[in-house]
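Chemist: Prediction below, plus the sequence it came from.
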Amino acid sequence: MKIKNKKFLTYSNQHSHLNKKGSHVGIVLSFTIFITFLIFLYSALEPSLKIDQDRESTLDYLEIELVEAISENFTSIIIRNDTVIEAGVTCIELKDLLTDLEIDSRTIIKDENENPVIASASEDHLYVDKGENSIILYKLYNSEEFNSLGEELVGGCAGISDCDDDEKCQSLENEEEGYIVGIYFIGLVKKSEKIFLSKIGEFLEDYNSRYDELKEELKLSPGTEFGFSFTYNETIVRTEEKEITGNVYAREIPIQYVDENANIWTGFINIQVWG
C-alpha cells in the first residue's frame with residue numbers, strides 16, 4: 001500500500017507540473033495574440049487618426065485666420081460734459097477732441113443710455129447735439145468700419161474744451177471768445193479688436209468671387225477645401241456650396257460682433273474642412 005501511494009503521488013506531481021507549464025504557455029500565447037491584435041488595430045486606424053489630427057490642426061489654423069480677417073480696431077471713449085449749456089444753444093463743439101484722442105470722423109456717438117446722438121465733424125473738432133436737458137455723458141465709438149460724420153451741425157454751437165489739469169481749467173474758465181466756453185473731461189478710453197458684421201460680409205464676398213486666390217492667401221495645403229457659415233439674430237449666411245469629397249470636419253465657435261451702429265451682439269461661426 002505504501003508503494004502504491006508513492007507511485008500515485010509521483011504521478012500526481014508530474015501531472016500538476018504539466019498543468020502549470022501548459023497554463024504558462026497559454027498565458028504567453030494569449031498575450032502575444034493580444035499584442036498582435038493591438039498592432040494590427042493601430043496599423044488599420046493610424047491613417048484615419050493622422051487625418052483627424054491634420055483636420056483638427058487645419059480647423060485651429062482657420063479659426064485664427066478667419067477671426068483675424070473679419071476683425072478691425074475698435075475704440076470706445078467716454079466724455080463727461082461738466083458745462084451747463086444755455087437753453088438756446090442746440091449743439092456743443094468738443095474742441096480738438098479728434099486730435100487729442102487720435103481718432104478720425106468715422107465715429108458713432110451715443111448718450112449714457114446708448115441712444116444715438118446726432119453729430120458731425122470738422123477738422124479736429126466734434127459737434128454733438130446738446131439734447132433737451134444737456135447730455136452729461138457721451139459715448140464715442142470709432143472704427144474704420146463706420147461711416148464718416150458729415151458737417152450738418154457746424155455753426156451756432158457752444159464750444160467747450162478738454163480740461164486735463166487745474167491750470168488749463170482755470171484758463172478756460174477765464175477765456176473770452178464771443179461764445180460759451182466750457183469744460184469736458186475725457187474718461188475711459190479703451191482700444192481693442194472686434195469682429196465686425198461688415199467684415200464678415202466682405203469675407204463672404206471674397207470667398208464667393210475669388211475662392212482659389214483666398215485659399216492661396218490662407219496658405220492652405222493642396223487638396224484642402226473649406227467653407228463657413230455665420231449665425232446671427234436667427235439669420236444664417238454661408239459660403240456658396242462646393243463639391244464635397246471625403247469626410248467633413250466642422251467646428252462652431254461663439255463670437256461677439258459689432259454692427260453698423262456700434263451695437264455689440266452675440267453670434268456663431270461654423271467652420272467646415274474637407275478634402
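Modeler: Structure received. Numbering: from 1, shown residues only.

Chemist: Would you map the helices across the stretch 101-250 of the chain?
Modeler: 166-173, 197-209, 211-218 (DSSP state H, counting those that start in this stretch).

Chemist: Any idea how many residues pack against residue 183?
Modeler: 17 (other Cβ atoms under 10 Å). In this view, the C-beta of every residue, glycine as well, is placed from N, C-alpha and C.

Chemist: what's the burial count for residue 233?
Modeler: 9.

Chemist: re earlier: out of the helices of the stretch 101-250 of the chain, which is closest to residue 144?
Modeler: helix 197-209 (9.7 Å; Cβ to Cβ).

Chemist: Now do the closest one, average pLDDT.
Modeler: In this model, helix 197-209 carries a mean pLDDT of 96.

Chemist: do the same with stretch 54-64
Modeler: Mean predicted confidence for stretch 54-64 is 91.

Chemist: buried ones in that stretch?
Modeler: Within stretch 54-64, the residues that count as buried by 16 or more other Cβ atoms under 10 Å are 55, 58, 59, 62.

Chemist: Could you dump the residues you listed into JSON lines and include distance to residue 124 and secondary structure?
Modeler: Compiled in JSON lines, those are given as follows (distance: Cβ to Cβ, whole Å; DSSP: H, G, I helix; E, B strand; the rest coil):
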{"residue": "55", "distance to residue 124": "52", "secondary structure": "helix"}
{"residue": "58", "distance to residue 124": "47", "secondary structure": "helix"}
{"residue": "59", "distance to residue 124": "46", "secondary structure": "helix"}
{"residue": "62", "distance to residue 124": "42", "secondary structure": "helix"}
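
Chemist: And this structure, what are its domain boundaries?
Modeler: For the chain, the structural domains run 54-71+196-274, 74-191, going by automatic domain parsing.

Chemist: could you redo the ones you listed as TSV and give each row distance to residue 30?
Modeler: Converted to TSV, the domains of the chain look like this (distance: least, Cβ to Cβ, whole Å):
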stretch	distance to residue 30
domain 54-71+196-274	36
domain 74-191	65
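
Chemist: In terms of mean pLDDT, which of the ones you listed ranks lowest?
Modeler: domain 74-191 (a mean of 79).

Chemist: Just give me how far it sits from the chain centre.
Modeler: 30 Å (Cα atoms, centre = their mean, to the nearest Å).

Chemist: And stretch 248-264, by the same measure?
Modeler: Counting by Cα atoms, centre = their mean, stretch 248-264 comes out at 7 Å from the chain centroid.

Chemist: If anything else comes up later, I'll come back, but that's it for now.
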